[in-house]
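[1] Here you go, sequence then predicted model.
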Amino acid sequence: MYRNRISVTILAAAIAAAFAPAYAQDTPPADSVAPQSTDASQADQAQTNQAQTNQAQTPKQGTAQHDDQKRVVNLSQVTVTPLRQSLESAQSLKRDARMVVDSIVAEDIGKLPDNSVADAMQRITGVQVAQGFQGETSSVVVRGLPNVITTLNGREIFSGVGRSFAFQNLPATAVKTVSVYKSSEASLPDGGIAGVVDMQLYRPFDFDGAKVAATYTATHSKYGGRTDPNFSVLASDRWQTGIGEVGALVNASFMAQHYQYNAVWGDFPKVLTDGTGTPIRTDAGNLIAAPNGFGADYNIGRRQRPELNYALQWKPNDSTEVYAEGLYDWVSDDYSQPFYFSFPVGAVSPSNLTVTDHCYANQLTGSPFEGQTICDAASGTWVGNTYAATSTQAHVQHGRDMQHAIGVKWQGDRLRLSSDLSYGVTAFEDDTFIIDTFLKGPVTTVWNGTAGNQQNWSLGNNQQLDPNNYYLNGLFQTWHTERGKQYAWRGDGTWDINGSFFSYLDFGLRYADHKAEYNGSVEISTPPPGGAGTGNITETPNPANQVTARFPDSYFCAMPTTSAIPVSWLTGCFNYLTENADAIRGLYGLPGGLAPVNPGRYYHIDEKTAAAYLQAGYDTTLFGLPVDGLMGVRMERVKRNLDAYSFNAATSVYTPLTVNTSEPVYLPNLSINLHLTDALQLRLVGAKTVTYPGFGQLNPSISLNPGTINRAGVAASGNPDLKPIKSNNYDASLEWYFSPSGYVSGGVFYRDITGYIQNYVTDVTINGEAYQLSSPQSAGSGHLDGAEVAYQQFFDFLPGALSGLGVQLNYTYIEGSTRSPQFIGGPSVTSPLQNVSKRNGNAVLMYEKYGWSARLAYNYRSRYIDFFTQPTVAGVYDEIEPANQLDFSLGYDVNPYTTVVLSATNLTGEDLHQFWGDGNTRPRDIRYQDRTIGLGVRFKL
């Protein structure tokens, strides 16, 4: 019913707008329009020229009247400034696109908003982002779905063994345009039911002649506590030679950041018991829920990201272009991940217990108390010989992405042809070294409740500050490597039919050979050198394991405080662990060097893809109105060979395993663009799309991480039987372009999804030991639908300085669900989709005049389900309340060549909150989002 209301509202708006007066004169459609090439590189070159000249260089079907409209707009009182020009270019890309597309375009060289492409994408309508535990944006979803394929200059690019690209690897200074294709057509590469993200880099023919540009910014992070450099340099030129016109460009950039991303958490809620295991009840006889334990997880490190890209272009004549281009990016990330936790709940009886009035039915499936009323606890104190500990995880990570391509384009009178050959390589390595230390009992754990939607807790008498209270526990080490490689070729063409109905024909072929390989080590916790001891180890720890007896004073480092944990605590120093790793291994009786390979963490996949497409563009009239669009089909076959190891739980033996699959897919598409007036158009699009399972999701083996004194074992497995996620996509949008940099648009969308893949956590027993097994499953059928609106305008009609004001507003509403079991083996129920925030929006206040340029941007995303967990009293999922940030940037043009820039992020200091289930009485974690301020300069010639 709600979807119907949305559709009726949009339809009513379309009818009303169709009769509204346009801001330009109506002009008759042109008699003939040149066809548009479907080759991605050719189309992107047209977009490049468009962005530079603010005119459509390659007209599309049905858009000639748009060019006429632009020519009659009175711009005598408007100064075209970089910000205004970028908005006009992005608007032209949206207006002239053959599908539903939204873009951001750099205002000038090195002037795309935000630091990385991942951060910049949050400004695009319908795109949502989230930060990872290393203090940077690492998750990008389109209309609530993460299933996005990424292209660089029109060709597929990826990172590690994933299918998607790590957008945070690419600095915003390197990018000219980022476009999000929310609907599909046959010439676009498939693989993303959510859409395609295409990133365009600069090429030498984008500029009239020689161009040199440089940026330098010093950025200070509040929690990182340091000021870091970020810079980029671009040099480009083009020459007329005896063999034609030649161009060359090189661009280099560097990003660095000291970061500190701290989280304080509460473990899963469970029925509160005393020291004997007997449930504690309220005076009314209700059960009580309390966190299983309390903890903190900090991430403190320094990250560096160099990047280099180049482009060569050669035009031997007016109809032919040959090019070569490439990209390198690297990441080096060394960080300490210290943990601090206490698990007294259920081990001893609490005192000073208080209980909230938030009560509900116990949702723990299979529990003898299932369905009974349970109320959330509010605070408590536990005193006894319980387990409290600190642990330092020392991570050393390195990664790189590389892509090279050569190609040729040829354009005749009625035929366009192009060919592109590319080679991409990506790699990532992580080496982690961990030492656990625990505190001698008795331990007093004080839980002060959940004020501020966070778990506020401490240890009594600040016993965590005395180094003599710490004793060695296990040594844990792990490493893994990821490798990816792809050869790809595509050939595309467009034939100008110039018929009475069909105007042009797109056709093309693509072949790709993609190899992905993953290797990982065994993961076993080695007992401390003096032996684990007997009895209750916290009550009578082995004196031989006292940290101060084994290590020098330089072993311990004091950790930062937070609002949830206001007193510091001690744990092993990152530098000490990494610089003395082999000596510590020897102390624990282990050989030097890395841990051995675990067959259960190995797979090699070779995936060969052959695709062909045929698509016709048409141009006609309907009720006297111009109509154009596309109808086509993409055919693709994927042959996959998987080499891995199967695991026999009874014998603990890994056996080599090979799985071969081959499956064709057929992806039709149809679009209708109805031009109601010169300024108003209605789009209707239908297409079938597909997303293939991630390579890691297909690995059938089980990797085992045995349990320790404070947690159950962790196991992970893939599923070679996963099928591609398929979706029937339907889009409708109404777009009114009332000025070159002003428009209003509204749209509705519907995705009918089959086989959506979700991760599940299940309690299992392997070789008599308890594990929590995480594995992916095809979740069955589901849907996602919603509506989005966008508006942007500069208020040129205002007097004087106020005429530099402008706004950008967009809002997306999303609903989604899938029918699947809530846990493996359970009954199928209708559940919400992961990652889907119902309400999403951006509000940007802009100003550009008299050499000043300012932008105040607010990003909003409502609460959403992050993950389906093991069953608890609160259900089977947790929810995230994002940190909705307010960012600011201010620039001043000192002269035509130099601009000084001030920028700030997260001005209001918002933090991310995660909860077990719904409501606010069961916080899972608070994640302290950083605030940054940067001062920089841009220079260009």
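    Perfect, I can see it now.
[2] Was I right to think residue 682 contacts residue 673?
    Yes - counting by C-beta atoms under 8 Å, residue 682 touches residue 673, with 7.4 Å between them. To be clear about C-beta, it is placed using only N, CA and C from the backbone, and glycine gets the same treatment.
[3] Mind checking which of the two has more residues around it?
    Between residue 682 and residue 673, residue 673 has the larger neighbour count (other C-beta atoms under 10 Å), namely 24 against 21.
[4] low pLDDT regions in this structure?
    Within the chain, the stretches with pLDDT under 70 are 1-80, 108-113, 533-534, 707-712, 820-827.
[5] run the last query once more with 50
    1-78 (pLDDT under 50).
[6] Nearest the geometric middle of it, what residue?
    residue 139 (1.8 Å; C-alpha atoms, centre = their mean).
[7] can you give me the helices for this protein?
    2-18, 40-53, 64-72, 82-96, 117-120, 547-550, 574-579, 581-587, 695-698 (DSSP state H).
[8] For the closest residue to residue 372 other than its chain neighbours, give its distance to residue 819.
    Spatial nearest neighbour of residue 372, excluding adjacent residues (C-beta to C-beta, 6 or more residues apart in numbering): residue 362 at 5.1 Å. According to C-beta to C-beta, to the nearest Å, residue 362 stands 25 Å off from residue 819.
[9] more neighbours, these two?
    residue 362 (21 against 14).
[10] isn't that one right next to residue 368, touching?
    No - under the criterion of C-beta under 8 Å, residue 362 is not in contact with residue 368, lying 9.9 Å apart.
[11] gap between residue 90 and residue 299?
    Counting by C-beta to C-beta, the gap from residue 90 to residue 299 is 35 Å.
[12] Which one's more surrounded, the two?
    residue 90 (23 against 20).
[13] does that one really touch residue 107, like I thought?
    No - counting by C-beta under 8 Å, residue 107 is not a contact partner of residue 90; they are 10.2 Å apart.
[14] so what sits against both of the two?
    When contacts are counted by C-beta atoms under 8 Å, 6 or more residues apart in numbering, the set common to residue 90 and residue 107 is empty.
[15] Just list whatever residues bridge to residue 149.
    On the basis of DSSP bridges, residue 149 is bridged to residue 196.
[16] Report the contact partners of it.
    156, 163, 164, 189, 190, 191, 192, 195, 196, 197, 691.
[17] Can you tell me how far it is from residue 423?
    18 Å.
[18] what's around residue 809, how many residues?
    16.
[19] Quick check: bridge partners of it?
    Here residue 809, judged by DSSP bridges, has bridge partners residue 791, residue 843.
[20] Name whatever forms a beta bridge with residue 484.
    In beta-bridge terms (that is, DSSP bridges), residue 484 pairs with residue 426, residue 516.
[21] What count of nearby residues applies to it?
    23.
[22] is it true that it touches residue 423?
    No - at 11.8 Å, residue 484 does not count as touching residue 423 under the criterion of C-beta under 8 Å.
[23] Straight-line length of stretch 95-103, end to end?
    Criterion C-alpha to C-alpha, to the nearest Å; first-to-last residue distance in stretch 95-103 is 11 Å.
[24] Touching it from outside, list them.
    36, 50, 56, 60, 63, 66, 90, 93-94, 124-127, 177-185, 188, 617, 629-630, 671, 673, 681, 683, 685, 731, 733, 735, 737, 743, 747, 749, 790.
[25] Which ones among these lie within strands?
    Under the assignment DSSP state E, these contribute 127, 177-181, 617, 629-630, 671, 673, 681, 683, 685, 731, 733, 735, 737, 743, 747, 749, 790 to strands.
[26] Which residue is the nearest non-sequential neighbour of residue 419?
    residue 491 (4.8 Å).
[27] and what of residue 846?
    For residue 846, the spatially nearest residue (C-beta to C-beta, 6+ apart) is residue 806, at 4.1 Å.
[28] Can you tell me how far that neighbour is from residue 243?
    46 Å.
[29] can I assume the residue nearest to residue 419 is in contact with residue 418?
    Yes - in this structure, residue 491 is within contact of residue 418 by C-beta under 8 Å, at 6.9 Å.
[30] what about these two, which has more around it?
    residue 418 (25 against 17).
[31] Would you quantify the distance from that one to residue 294?
    For residue 418 relative to residue 294 (C-beta to C-beta), the value is 60 Å.
[32] can you check residue 483 too?
    Taken as C-beta to C-beta, the span from residue 483 to residue 294 is 39 Å.
[33] higher neighbour count, the two?
    The neighbour comparison of residue 483 against residue 294 (other C-beta under 10 Å) goes to residue 294, with 28 against 17.
[34] gap between the closest residue in space to the more buried one that isn't next to it in sequence and residue 666?
    Using C-beta to C-beta, 6+ apart and skipping the chain neighbours, the partner closest in space to residue 294 is residue 457 (4.2 Å). Going from residue 457 to residue 666 by C-beta to C-beta gives 56 Å.
[35] Would you mind confirming that residue 664 makes contact with residue 612?
    No - Residue 664 is beyond contact range of residue 612, at 11.1 Å (criterion: C-beta under 8 Å).
[36] The two - which one has more neighbours?
    residue 612 (15 against 9).
[37] mind listing the strands for the stretch 701-850 of the chain?
    702-705, 713-717, 725-739, 742-754, 757-766, 769-778, 781-794, 805-821, 828-832, 839-849 (DSSP state E, counting those that start in this stretch).
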